[in-house]
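Asks: What follows is a predicted structure for the sequence shown.
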Amino acid sequence: MTPAWPNRAAWGTATKLRAWQQAAMTQYFADLPRDFLAVATPGAGKTTFALSVAAELLGRRMVDRVTIVAPTEHLKLQWAEAAARAGIPIDPTYSAGQGKTSGEFLGVAVTYAGVAVNPLAMRIRTERFKTLVILDEVHHAGDALSWGDGIREAFEPAARRLALTGTPFRSDANPIPFVTYAPGGDGIPRSVADYTYGYAEALRDHVVRPVLFMAYSGQMTWRTRAGDEIAAHLGEPLTKDLTSQALRTALDPQGSWIPSVLQAADKRLSEVRRHVPDAGALVIATDQDSARSYAKTLRSITGEPATVVLSDEKAASKKIQKFAESDSRWMVAVRMVSEGVDVPRLAVGVYATTTSTPLFFAQAVGRFVRARTRGETASVFLPSVPMLLGFASELEVARDHVLGKKVQDEDDIFAAEDALMAQANQSESASDQEALGPWEALGSEARFDRVLFDGGEFGHAGEVHVGSEEEMDFLGIPGLLDPDQMRDLLQQRQAERAQKQRQQKASGPAAETVAEVSTHEQLAILRRELNGLVAAWHHRTGQAHGVTHNRLRKECGGPAAAVATADQLRARIDAIRDWAARRSG
């Protein structure tokens, strides 16, 4: 049977292209390249762009078949459904070993892992037809050497290849297949995109939502294998191991931190739903056991069950689709919902996973930014971990794929992430626990720390208790505000809070005594202010946080920030503010 060719006119009428999609289409068909890399922020509409190209190429008889390569089984189905709406029948059940597929299909959808299993079979299929290969989230072709080799072998004979990505590339020694590289100013090869549409541009065009990051800190206590009990404040400057253990203590389902943050996030969801009635929320968990525990906590908070999605369940895709089409409040998932999964009504998120790399963070936040109505804002709750706060402040920074550049900690981080992603929905085993270090959570408490929005920080004049009026000043922000309105409101709340503190200090000795903070709290406030300024300096200059802290210590004197005095911390704060002023001048 000869497959039905897509009706280009009907597809173009039914799908009004956004300005960036039309511009990218115009550029593509002006050049008609064999390879084309489109980099567009999550939520911008890469799928629509790719299917528009496919429909046009098929309509012009420039290709006969389409092969779509996606990261996960769920995304294969999502692509097939979108292609069907475009009039391009795609078989998402095809596997390289089965050879042929029904004559009713114009193409197939496969996974990167599936291609790597039998690249020769995919190559034979590619050679039989003039094939367009769509490589969705093409950075996955670099996740494992066998995946990259498989993609290159299978699709080298393709008539045309369209590569898509919406997440930051990483530093690596292995080139991504079919991606062009050119030397940068430092002589190191970097990926070259044919068309780029970043988060900042999409935000300006109202294609994506602005993101309000709600950061929560608090005191954590845990026990090491040696029996030592350790107490530390989440967000304080700590070693890598202590930061990891403090974060895991915060995310422990039996502690107080995660229930407090889930309750705060549900309050935020209720406020958003006053303006957007079908708004939904998602918790991204580390493992299956945590996901199930978080769902139980949410049920006790909301009185209704949360949808739990685990990718090793056969019904996972159906659960996601059912949630997307409902008005249920909460979904809890392990890493599988971090990339590509399309649930446009998600407006509130809780980042409750120990995975902390720029790649994964961008994927996760991408689940909440798809715009539907002008004025919708995404709210993402996260732990006050310096690395995560840095990612949040740098959301608009695009990164190219860097070849042959060894980045000391980043390579280790990404290698660990590849292993985590490969075992995405497995509960932590004993060996996993050992790999992350001996640890037993003893207790945790949550404090509202600050809000990050549009590169600025608000509400960080000192932590406040969960459930306080000060916290509600930010949780109760209306669910429909454009970016300028949001920025004005946050500045107003910040000014009101500062004025209230000044009034307390000015109202007499008794009030001053009440308003006094302990030495520990005062030092914590100063360290957070310093860390925020260091993160902002990194955002402006690209200088690593550790290098900046060392420069400040050399200029101002004194020990590391974790043990510095209040006067030493103030001196460093003044110094880095002076650097910023001189740079601006």
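Replies: Right, received. Where do you want to start?
Asks: Any idea how many residues pack against the nearest residue to L395 once chain neighbours are set aside?
Replies: Of all residues not flanking L395 in the chain, Y199 sits nearest, at 6.0 Å (Cβ to Cβ, 6 or more residues apart in numbering). Glycine gets a C-beta too; all of them are placed from N, C-alpha and C. Per other Cβ atoms under 10 Å, the neighbour tally for Y199 reads 25.
Asks: Return the helix or strand in this protein with minimum mean pLDDT.
Replies: When each helix and strand of the chain is scored by mean pLDDT, DSSP states H and E, helix 408-422 comes last, with a mean of 37.
Asks: quick revisit: quick check: phi and psi on the residue nearest to L395?
Replies: Torsion angles at Y199 (phi, psi; degrees, to the nearest 10) stand at phi -60, psi -40.
Asks: what does E457 give?
Replies: According to degrees, to the nearest 10, E457 has phi -120, psi 140.
Asks: Return the residues in contact with it.
Replies: By Cβ atoms under 8 Å, 6 or more residues apart in numbering, the contact set of E457 is 450-451, 532.
Asks: ok, what's across the strand from it?
Replies: Beta-bridge pairing for E457 (DSSP bridges): L452.
Asks: any idea which helix or strand carries the closest residue in space to F49 that isn't next to it in sequence?
Replies: Sequence neighbours aside, Q21 is the residue nearest to F49 in space, at 4.5 Å (criterion: Cβ to Cβ, 6+ apart). Using DSSP states H and E, Q21 sits in helix 19-31.
Asks: Can I get that helix as PDB, trimmed to CA atoms?
Replies: This file holds the C-alpha atoms of helix 19-31, laid out as PDB (Å, rounded to 0.1, in the frame of the first residue of the first chain):
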ATOM      1  CA  ALA A  19       7.900  33.900  14.000                       C
ATOM      2  CA  TRP A  20      11.000  31.900  14.900                       C
ATOM      3  CA  GLN A  21       9.700  28.700  13.300                       C
ATOM      4  CA  GLN A  22       8.800  30.600  10.100                       C
ATOM      5  CA  ALA A  23      12.300  32.300  10.100                       C
ATOM      6  CA  ALA A  24      14.000  28.900  10.600                       C
ATOM      7  CA  MET A  25      11.900  27.300   7.900                       C
ATOM      8  CA  THR A  26      12.800  30.100   5.500                       C
ATOM      9  CA  GLN A  27      16.500  29.700   6.200                       C
ATOM     10  CA  TYR A  28      16.300  25.900   5.900                       C
ATOM     11  CA  PHE A  29      14.600  26.000   2.400                       C
ATOM     12  CA  ALA A  30      16.800  28.800   1.200                       C
ATOM     13  CA  ASP A  31      19.900  26.700   1.800                       C
END
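Asks: ok and the following helix or strand past that helix relative to helix 19-31, angle-wise?
Replies: Counting by DSSP H and E, the next helix or strand C-terminal to helix 19-31 is strand 35-40. Per axes from the mean of the first three to the mean of the last three Cα atoms, to 10 degrees, the angle that strand 35-40 makes with helix 19-31 is 170 degrees.
Asks: Tell me the gap between strand 35-40 and the middle of its chain.
Replies: 20 Å (Cα atoms, centre = their mean, to the nearest Å).
Asks: can you check stretch 179-188 too?
Replies: Mean C-alpha position of stretch 179-188 versus that of the full chain (Cα atoms, centre = their mean) differs by 26 Å.
Asks: and it, which residues are buried?
Replies: Within stretch 179-188, the residues that count as buried by 16 or more other Cβ atoms under 10 Å are 179-181.
Asks: before we move on, what about stretch 220-230?
Replies: 220-223, 230.
Asks: Report the two of those residues separated the most.
Replies: Maximum pairwise distance among the buried residues of stretch 220-230 (Cβ to Cβ): 11.5 Å, between M220 and R223.
Asks: got the contact list for A40?
Replies: Residues in contact with A40 (Cβ under 8 Å, 6+ apart) are 20, 46, 49, 164, 166, 195-197, 202.
Asks: repeat that for 7 Å
Replies: By Cβ atoms under 7 Å, 6 or more residues apart in numbering, A40 lies in contact with 46, 166, 197.
Asks: which one of these sits closest to Q263?
Replies: Out of the contacts of A40, the member with the shortest distance to Q263 (by Cβ to Cβ) is G166, at 31.6 Å.
Asks: Pop the domain breakdown of this structure in here.
Replies: Using automatic domain parsing, the domain ranges for the chain come out as 8-204, 211-399+440-474, 487-516, 517-585.
Asks: just the strands in the stretch 1-150 of the chain please.
Replies: Using DSSP state E, counting those that start in this stretch, the strands of the stretch 1-150 of the chain run over 35-40, 65-70, 90-91, 107-111, 131-135.
Asks: measure I176 to Y199 for me?
Replies: The gap separating I176 from Y199 is 21 Å, by Cβ to Cβ, to the nearest Å.
Asks: what number of residues lie near the residue lying closest to R572 once chain neighbours are set aside?
Replies: The shortest distance from R572 to any non-neighbouring residue, by Cβ to Cβ, 6+ apart, is to L552 (4.3 Å). When counting by other Cβ under 10 Å, one arrives at 25 neighbours for L552.
Asks: what does G542 give?
Replies: As a burial measure, G542 scores 9 neighbours (other Cβ under 10 Å).
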